[in-house]
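Undergrad: when you get a sec, could you give me coordinates for this:
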Amino acid sequence: MALYGYLRALIERRAEEPADDLISRLATERVATGEAGLDEATGMVSLLLLAGHETTANMFPLAVIALLHNPAQLDALRADDSLWPGAVEELLRHLTVIHSGIRRIAMEDVELSGVRIRAGEGVVVALQSANRDPSTYSDPDSLDVRRDASGHLAFGHGLHQCLGQSLARAELRLGLAALFRRLPTLRLTLPPESLALSTSTVHGVRSLPVAWR
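TA: Model prediction:
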């Protein structure tokens, strides 16, 4: 609620004193014209912040942990930069930072794996489980940067796919490659299992202690 109140006040301030940013455009071109209400605009900005920042901000350190914990996979990436795009897809599949909150309503009766779901019933989709489906991916619990991980559900599916997925992929590909190129001796100072996990709907770690020479 504190965040919502802050964003609402920020939109109101940008309407009075616009700057060169997305919130100012939303305030002056949508809210001021009556095309969007203040509550709707605040919800939009909140969604952009959480879905467009918190996801990649949590995915990045998890990817660092996964690669440092799998040195053979990291060595392959250091030896061949062309593997990075596929590696990002595999990391997205393997880690899947959205663990809950994917809620859907069945529009018609459907049967999945012998379970009857009736029209109108609610379904909570476990994306992390789907992304480790052994009928789709061999040895699904292992990280393999050479794997064809296309078809993963880290960004959702169909009409509800993440609008920012291209940006997220670019951030991860460019950022991770630069990090490991510039800090070749990067290492964890704590074992992965001892790191404190975040408790939000986006899977991540509270901090990531590292060191390098």
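Undergrad: surely residue 91 is in contact with residue 66?
TA: Yes: counting by C-beta atoms under 8 Å, residue 66 is a contact partner of residue 91 at 6.3 Å. (Each C-beta comes from the backbone N, C-alpha and C, glycine too.)
Undergrad: shared neighbours, these two?
TA: Counting by C-beta atoms under 8 Å, 6 or more residues apart in numbering, the shared contacts of residue 91 and residue 66 are residue 143.
Undergrad: which of those two has more residues huddled nearby?
TA: Higher neighbour count among residue 91 and residue 66: residue 91, with 26 against 18, using other C-beta atoms under 10 Å.
Undergrad: can you name the next helix or strand after the helix or strand containing the more buried one?
TA: Assigned by DSSP states H and E, residue 91 falls within helix 84-95. Later in the chain than helix 84-95, the nearest helix or strand by DSSP H and E is strand 103-105.
Undergrad: picking that back up, now for the helix holding residue 91, which elements pack on it?
TA: Packing partners of helix 84-95 (3 or more C-beta pairs under 8 Å, 6 or more residues apart in numbering; DSSP states H and E): helix 55-69, helix 71-79, helix 165-182.
Undergrad: let me see the contact set for the spatially most central residue of the chain.
TA: In the chain, the residue lying closest to the centroid (C-alpha atoms, centre = their mean) is residue 55, at 3.5 Å. Counting by C-beta under 8 Å, 6+ apart, residue 55 makes contact with 97, 98, 168, 202.
Undergrad: quick one: low-confidence parts of the protein?
TA: Scanning the chain for pLDDT under 70 picks out 101.
Undergrad: now with 90?
TA: 3, 30-38, 44, 46-55, 98-104, 112-113, 124-128, 156-164, 167, 197-203 (pLDDT under 90).
Undergrad: what's the most buried one of the helices and strands packed on helix 84-95?
TA: Sort the helices and strands packed on helix 84-95 by mean neighbour count, taking mean count of other C-beta atoms under 10 Å, and helix 55-69 sits at the top with a mean of 19.
Undergrad: and the angle for it with helix 165-182?
TA: If you take axes from the mean of the first three to the mean of the last three C-alpha atoms, to 10 degrees, helix 55-69 sits at 40 degrees to helix 165-182.
Undergrad: burial measure for the closest residue to residue 8 other than its chain neighbours, as a count.
TA: Excluding the flanking residues, the one nearest residue 8 by C-beta to C-beta, 6 or more residues apart in numbering is residue 42, at 4.6 Å. Counted with other C-beta under 10 Å, residues neighbouring residue 42 total 23.
Undergrad: this completes my enquiry, with thanks.
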